[in-house]
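Visitor: Build the 3D model from these lines:
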Amino acid sequence: MSASEGISDARLNEEQLRRLLEVGRALVAELDVEAVLRRILETARDLTGARYAALGILDSDKRELERFVFVGIDEEMRRVIGPLPRGHGVLGELIRHPEPLRLRDVTQHPRSYGFPPGHPPMTTFLGVPISIRGEAYGNLYLTDKADGADFDERDQESALVLSEWAAIAIDNARLYEDVARRRADLERAVRGLEATATVARSVGFETDLERVLELIVKRGRALVDARSLLVLLAEGAVLRVVSSAGQIGAAAAHATLPLEGTLAGTVVTTGAAERVPSLADRVGHGLDPITDGAASALVVPLGFRGRARGVLVALDRSHGSPMFDADDEHLLTSFGASAAIAIATAQSVESERLRHSIRSSEAERKRWARELHDETLQELGALKLSLETALSGGRGDALKEATTAAVDQLQFSIESLQNLIAELRPAVLDQLGVTPAVEALVARRAATSGLDIEVRIDLADSSGRAPTRLHAEIENTLYRLVQEALTNAVKHAGAERAWVEIVEDDRHLTVTVRDDGSGFAREAPTAGFGLIGMRERVELVDGRLTIDSASGEGTTVRATLPVRRSGSDAPESQREAI
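Guide: Okay, here's the model as predicted:
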């Protein structure tokens, strides 16, 4: 019988019709399956006057009851009764024969097993099946009308109509839950892809290991909604916490774990992730120094090129159950693969930077040793010889002239040493910043070489306010680039004029030094011009260097550097991304 046919049946009075219509509207609007089931039972009791109502939900084989939802029996009586029915006896009759069943005395039915100890007495019985899209879903059971009367035809019609409303409402709610679950799965998958893509992008745009690690722990924690997440990297026979996010104590944030005999060490060795639903029940996990009272953990490897460099450890879900599920494990494992690449890349860049820095320092030492040997030491040697000659044979005016010449020579040597010291590390660069330092350098170079130099420096930021000091590493790079380019213009190019320009926009500094000297052919060796050192300096601060030169056409050195202000190791855009 359909819902519409049941409602139009003359055996249902006006009040029952109104109640069925009301509950039908309410049930169809309800999107929570549990709420639908409870509403069905309460409405069935009200419509039929039953004291007890229950809904049995069939298992996948349609042979037994998987769930049994009831009203009318309190929790204390429920505990006394014991296990819930599984669909044997009279309840099983509706499973085998899904048709309405009315009984005056349920205990007299041939399949009745009786009631367990503590069960309330029940006599009259009404049961109707619930089918969804032609498939058996379960049964609605009603027992004991409050007035002691039998369930009649009208009660059965009401229960049938309600069962069809219930089928529509349950199917609707299940579809909604399925859609919601699929949407949640898709959202988690998208979050996983976004987090993985973010870390992948960081390989191209961020090479500072500390910032890469910070990015990983924050994105990874959000990905699996963890209370806290830590990165542990292998160092010899231990795993050391190198970065963390979330609720982590000071001791855990700097802890070390042995590789041998710990769960984290096992993950590193095997390369397989481990989920621990209960840390309290997992004996010998060895994570105690970092758990900070966590109930569960998820440990995934940071694998790169066939070996694990460390692990990611997520502790407790932030919402709902603290346990991580298989989807969390899959997401964090995929994320860990990208994170491992980012960490390995940053470590390689850090090592290369150190090698570059050592090479640059050695080149600087050789250059200044050559300057001291070729100029200052030669001048002092000539001075010593002049004084020795005067002392051995000079008298009167001759000695006086030699002494005067020696004083002049000493003054010249002092000035040379002062210039050399200023070239090595001008005090004005530390005290006042790059603009005064470059201006002083240009003035000094113009005075000593006769080179005509025009200079333009514009470091005002986009807001028009006076800018704060640039980061010391950027200032030093700017100064050395200008210094080396002007030195080349004087010593190697024989230039008469040079132009120096330093301009800042929102994200970059552009340094240009141009001269009208002899230049050099593109295929000519450039090591003697200090160009290798210039390029390494620029690369160390994540900048780019271009050199445009041709024989007889002058040289243009142009570098683009990131804007980094004093007190910040990263550009604003990069800090926001983290």
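
Visitor: Only alpha carbons, please: show the helix or strand harbouring residue 126 as CSV.
Guide: For residue 126, the host element (DSSP states H and E) is strand 125-132. Taking C-alpha atoms only, strand 125-132 is exported to CSV below (Å, rounded to 0.1, in the frame of the first residue of the first chain):
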residue,chain,number,x,y,z
PHE,A,125,1.9,-6.9,19.1
LEU,A,126,2.0,-5.1,15.8
GLY,A,127,4.8,-5.3,13.3
VAL,A,128,5.2,-3.8,9.8
PRO,A,129,8.2,-3.9,7.4
ILE,A,130,10.1,-0.9,6.2
SER,A,131,11.4,-1.1,2.6
ILE,A,132,13.6,1.5,0.8
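
Visitor: Could you list every helix and strand in contact with that strand?
Guide: helix 89-96, strand 101-103, strand 135-145, helix 153-205 (3 or more CB pairs under 8 Å, 6 or more residues apart in numbering; DSSP states H and E). C-betas here are computed from N, CA, C, even on glycine.

Visitor: Quick check: which of those is buried the most?
Guide: Comparing the helices and strands packed on strand 125-132 by mean neighbour count (mean count of other CB atoms under 10 Å), strand 135-145 comes out on top with a mean of 22.

Visitor: could you check the angle strand 125-132 makes with that strand?
Guide: 160 degrees (axes from the mean of the first three to the mean of the last three CA atoms, to 10 degrees).

Visitor: and strand 135-145, C-alpha only, in CSV?
Guide: C-alpha atoms of strand 135-145 as CSV (Å, rounded to 0.1, in the frame of the first residue of the first chain):
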residue,chain,number,x,y,z
GLU,A,135,14.9,-3.4,-0.5
ALA,A,136,14.2,-4.5,3.0
TYR,A,137,15.6,-2.0,5.5
GLY,A,138,14.1,-3.2,8.8
ASN,A,139,10.9,-3.5,10.8
LEU,A,140,8.7,-1.4,13.0
TYR,A,141,7.5,-3.1,16.2
LEU,A,142,4.8,-1.9,18.6
THR,A,143,3.6,-3.7,21.7
ASP,A,144,1.0,-3.2,24.5
LYS,A,145,-1.6,-0.6,23.8
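
Visitor: Please identify the buried residues of stretch 472-482?
Guide: 474-482 (16 or more other CB atoms under 10 Å).

Visitor: quick one: contacts of that stretch?
Guide: Identification of contacts with stretch 472-482 by CB atoms under 8 Å, 6 or more residues apart in numbering yields 426, 429, 433-434, 437-438, 441-442, 469-470, 500, 502, 509, 511, 513, 534, 537-538, 540-541, 543, 557, 559, 561-564, 566.

Visitor: Just the buried subset of those residues, please.
Guide: 426, 429, 433-434, 437-438, 441-442, 470, 500, 502, 509, 511, 513, 534, 537-538, 540-541, 543, 557, 559, 561-564.

Visitor: give the contact list for residue 117.
Guide: residue 80.

Visitor: Revised request: answer the last question for residue 44.
Guide: With CB under 8 Å, 6+ apart, residue 44 has these contacts: 50, 53, 140, 142, 158-159, 162.

Visitor: How about residue 128?
Guide: Under the contact definition (CB under 8 Å, 6+ apart), the residues listed for residue 128 are 94, 100-101, 139-140, 156, 159-160, 163.

Visitor: C-terminal to the host helix or strand of residue 436, what's the next element?
Guide: Element membership for residue 436, per DSSP H and E: helix 434-449. With elements assigned by DSSP H and E, the helix or strand that comes after helix 434-449 is strand 452-458.
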